[in-house]
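Engineer: coordinates for the following, if possible.
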Amino acid sequence: MSSTEASNNSGVNGTEAASSRSLLRRIVDFLDEADWSFKKDKDRPIVKFISPDSLMSEYAEMLGLPDKPVPEDVLLDNLKTVYDLSVTSNHPRFYNQLFGRVHEESVVGSLLTDAINASIYTYEVAPVFTVMERLAMQQFLELFGFQNGEGVCTPGGSIGNMYAISLAKSAVFPDARRLGLAAMPPAKIYVSMESHYSMVKGASFMGFGENAVVKVATDEHGRMKVDALREHIKSDIENGQKPLMVVATAGTTVLGVYDPISEVANVCQEFNVWLHVDGCLGGSAILSESRRHLLDGCQRADSLTWNPHKMLGVNLQCSLLLTRHSGALQRAHGTQAAYLFQQDKFYPPQFDIGDKVIQCGRKVDVLKLWAVWRGLGKSGLGDLVDRKFTLAKQLANLIAQRQKTDGSFELIAEPESTNVLFWYIPPALRGQPADWSKRDDSWWRQMDAVAPLLKKRMTLDGSMLIGYQKCAASKNINCWRMVCSQDTNSEQDMERIVGEFCRFGEDISV
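Structural biologist: Numbering: from 1, shown residues only. Got it, this is the predicted structure:
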């Protein structure tokens, strides 16, 4: 058979294949030359900030969708420009979100996923991936201490938490699928004041309404008060409300603290309420021998969510939901679409996993996680988690030292995981009493204005990206949330962060 015949028989035009390979190879070469993983130069700017109006006007033609195809060289230049104008979390100075650099194994796994372009709903179209996800979920169930159950990859932690609401609804109101929520008594979802906003979104999205969410008070550390939870549930039952679920957070979004899961589980057992553990951020502590105790009691949960794309260096998105109730996902979501999930197939139909989820087409997210796990091993991933926790403690210690020596920083809370909350205090605002109640309103207003101005300076310089926000722990005054998400950092990098705040903030006057 000639090469032309072979090409035609494979269903791929030879010229097109050569062109595709050329573009793929050229973009991979570019990424290597651009040092995408920052192995050579970690001091180059993290961002070349352009205002939205300027980006829209200066790059309108390139970012638009043309009527006719552009030459390959033009497309390659366009792709390079996209990279050049983007913020990459692989930069060692990226501390803005709860995720950081990704491992090369993950990028390779993601590339292979996209090249195969499978939808993970039936074994016949995704044989390796359906088995891979099934085996991974079995291991994760064991990892978190579930004796039985099932799991599924979800498109992000927010959707995973909404899955948990759906499972709780199915368990508490099994007739809701047929009759709708209007036929059910009013339901309540209990979360802490520090819980992720996806629970409120989920309650609204699924028809329970935002008012169904009860925000339980937290203690001085930001952990749910168990006695307050118990009182809320008792009161709601007495008033004809139906407790739907309780959400214990393992790693809150801002403070990074862990609710007392075992104590919350006791309350759920007392009132027979579904317990969900939102471990999207802090679930990775289960891999660390010295930190897994933070998740004590998670094995008693009815469901749990976890985002490996946060602490483990797997690229977005990589999230999953676990439940200890086998068959719960099918009971909540199954419709048995006849064109996909035929029960008389020539292989066991339980390997067709798509009927358990709310999507039809579903991207394969397990391969990149599998690749990272294979490349680093469980022990290596545990070391990764320990490294990030240690960096947070090192930064907190540096901030506490500066707080004592010159008052340039103030630590808001001791970190329990990877998040460090603090204020940078410019010289003009230093010398205040340690007792917050003795600081006047004018000072607090000025402090509130420091972070936005300092963020602008650092961003325009391209020095580093760190997020700020108001929260209860900071008296609803803007503070910094430093996420120690970069495992390649060292204590010297933490010292640099302190130095950069001083460099950009010494002359601030508000």
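Engineer: quick one: which helix or strand includes residue 466?
Structural biologist: Secondary structure assignment for residue 466, by DSSP states H and E: strand 465-469.
Engineer: tally of neighbours for residue 397?
Structural biologist: Counted with other CB atoms under 10 Å, residues neighbouring residue 397 total 14. The C-beta positions use only the backbone N, C-alpha and C, and glycine is treated the same way.
Engineer: mean confidence for the helix or strand it falls within?
Structural biologist: Assigned by DSSP H and E, residue 397 falls within helix 366-405. Averaging the model's pLDDT scores along helix 366-405 yields 98.
Engineer: name the next helix or strand downstream of that helix, please.
Structural biologist: Following helix 366-405 in sequence, per DSSP H and E, is strand 409-413.
Engineer: quick revisit: need the residues that contact the strand holding residue 466.
Structural biologist: If you take CB atoms under 8 Å, 6 or more residues apart in numbering as the criterion, strand 465-469 is touched by 46-47, 87, 93-97, 254, 451-452, 455, 458-459, 478-483, 497.
Engineer: chain center to that strand, what's the gap?
Structural biologist: 16 Å (CA atoms, centre = their mean, to the nearest Å).
Engineer: ok, now stretch 255-264?
Structural biologist: 18 Å.
Engineer: out of the contacts of strand 465-469, which end up buried?
Structural biologist: Among the contacts of strand 465-469, those classed as buried by 16 or more other CB atoms under 10 Å are 46-47, 87, 93-96, 254, 451, 455, 458-459, 478-483, 497.
Engineer: run through this structure and note the low-pLDDT ranges.
Structural biologist: 1-21 (pLDDT under 70).
Engineer: let me see the ranges of the helices in the stretch 51-200 of the chain.
Structural biologist: 52-58, 60-63, 72-85, 104-116, 127-143, 157-172, 176-179, 198-205 (DSSP state H, counting those that start in this stretch).
Engineer: let me have those helices in JSON lines, extended by distance to residue 319 and mean neighbour count.
Structural biologist: Output for the helices of the stretch 51-200 of the chain, formatted as JSON lines (distance: least, CB to CB, whole Å; neighbours: other CB atoms under 10 Å):
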{"stretch": "helix 52-58", "distance to residue 319": "29", "mean neighbour count": "10"}
{"stretch": "helix 60-63", "distance to residue 319": "29", "mean neighbour count": "11"}
{"stretch": "helix 72-85", "distance to residue 319": "25", "mean neighbour count": "13"}
{"stretch": "helix 104-116", "distance to residue 319": "14", "mean neighbour count": "17"}
{"stretch": "helix 127-143", "distance to residue 319": "12", "mean neighbour count": "17"}
{"stretch": "helix 157-172", "distance to residue 319": "5", "mean neighbour count": "23"}
{"stretch": "helix 176-179", "distance to residue 319": "24", "mean neighbour count": "13"}
{"stretch": "helix 198-205", "distance to residue 319": "11", "mean neighbour count": "20"}
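Engineer: need the ones you listed in CSV (columns: distance to residue 432).
Structural biologist: Shown next, in CSV, are the helices of the stretch 51-200 of the chain (distance: least, CB to CB, whole Å):
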stretch, distance to residue 432
helix 52-58, 37
helix 60-63, 47
helix 72-85, 41
helix 104-116, 45
helix 127-143, 46
helix 157-172, 38
helix 176-179, 54
helix 198-205, 35
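Engineer: identify whichever of these lies nearest to residue 222.
Structural biologist: Nearest to residue 222 among those is helix 198-205 (15.9 Å), distances taken as CB to CB.
Engineer: and residue 246, which of the three is it?
Structural biologist: Here residue 246 is strand, with the state taken from DSSP: H, G, I helix; E, B strand; the rest coil.
Engineer: so how far is residue 47 from the nearest residue in space to it that is not next to it in sequence?
Structural biologist: Nearest non-adjacent residue to residue 246, counting by CB to CB, 6 or more residues apart in numbering: residue 190, 4.5 Å away. Distance, residue 190 to residue 47, by CB to CB, to the nearest Å: 40 Å.
Engineer: one more: residue 508?
Structural biologist: 21 Å.
Engineer: same check, this time on residue 121
Structural biologist: 39 Å.
Engineer: got it, and residue 478?
Structural biologist: 20 Å.
Engineer: residues in contact with the closest residue to residue 37 other than its chain neighbours?
Structural biologist: Leaving aside its chain neighbours, residue 37 sits nearest to residue 90 (5.7 Å; criterion: CB to CB, 6+ apart). By CB under 8 Å, 6+ apart, the contact set of residue 90 is 36, 37, 38, 100, 101, 102.
Engineer: which residue ranges of this structure form strands?
Structural biologist: Ranges of strands in the chain, per DSSP state E, are 94-95, 150-154, 187-192, 213-216, 242-249, 274-279, 303-306, 319-323, 409-413, 419-424, 465-469, 479-483.
Engineer: out of those, which is the most enclosed?
Structural biologist: By mean neighbour count, with neighbours taken as mean count of other CB atoms under 10 Å, strand 303-306 ranks first of these at a mean of 32.
Engineer: now that strand: how far from the chain's centre is it?
Structural biologist: 12 Å.
Engineer: related to what we said a few turns ago, which one of the helices of the stretch 51-200 of the chain lies closest to residue 302?
Structural biologist: For the helices of the stretch 51-200 of the chain, the distance to residue 302 is smallest for helix 157-172, at 7.2 Å, taking CB to CB.
Engineer: contact partners of the closest one?
Structural biologist: 152, 154, 176-177, 187, 189, 196, 198-199, 201-203, 205-206, 208, 242, 244-245, 247, 274, 276, 278, 280, 302-303, 305-307, 319-321, 323, 325, 328-329, 331-333, 358.
Engineer: let's go with 6 Å and repeat that
Structural biologist: 154, 176, 198, 202, 206, 244-245, 274, 276, 278, 280, 303, 305, 307, 319, 321, 323, 328, 331-332 (CB atoms under 6 Å, 6 or more residues apart in numbering).
Engineer: run a quick neighbour tally on residue 350.
Structural biologist: Residue 350, neighbours per other CB under 10 Å, totals 10.
Engineer: tell me who's in contact with it.
Structural biologist: No contacts exist for residue 350 under CB under 6 Å, 6+ apart.
Engineer: for residue 123, see how far away it is.
Structural biologist: For residue 350, the distance to residue 123 - CB to CB - is 9 Å.
Engineer: kindly report the same for residue 417.
Structural biologist: 38 Å.
Engineer: higher neighbour count, those two?
Structural biologist: residue 417 (25 against 21).
Engineer: wait, the more buried one touches residue 281, no?
Structural biologist: No. Counting by CB atoms under 6 Å, residue 417 stays clear of residue 281, with 7.2 Å between them.
Engineer: what touches both of these two?
Structural biologist: With CB under 6 Å, 6+ apart as the test, residue 417 and residue 281 both reach residue 251.
Engineer: redo the strands of the chain as TSV? Include distance to residue 171.
Structural biologist: Listed next are the strands of the chain as TSV, based on distance: least, CB to CB, whole Å:
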stretch	distance to residue 171
strand 94-95	39
strand 150-154	14
strand 187-192	12
strand 213-216	18
strand 242-249	9
strand 274-279	6
strand 303-306	10
strand 319-323	10
strand 409-413	36
strand 419-424	33
strand 465-469	35
strand 479-483	34
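Engineer: who wins for proximity to residue 263 among those?
Structural biologist: strand 242-249 (9.0 Å).
Engineer: tell me the gap between the closest one and the middle of its chain.
Structural biologist: 21 Å.
Engineer: equivalent analysis for stretch 494-503, please.
Structural biologist: Taking mean C-alpha positions (CA atoms, centre = their mean), stretch 494-503 and its chain are 26 Å apart.
Engineer: ditto for stretch 89-102
Structural biologist: For stretch 89-102, the separation from the chain centroid amounts to 12 Å (computed by CA atoms, centre = their mean).
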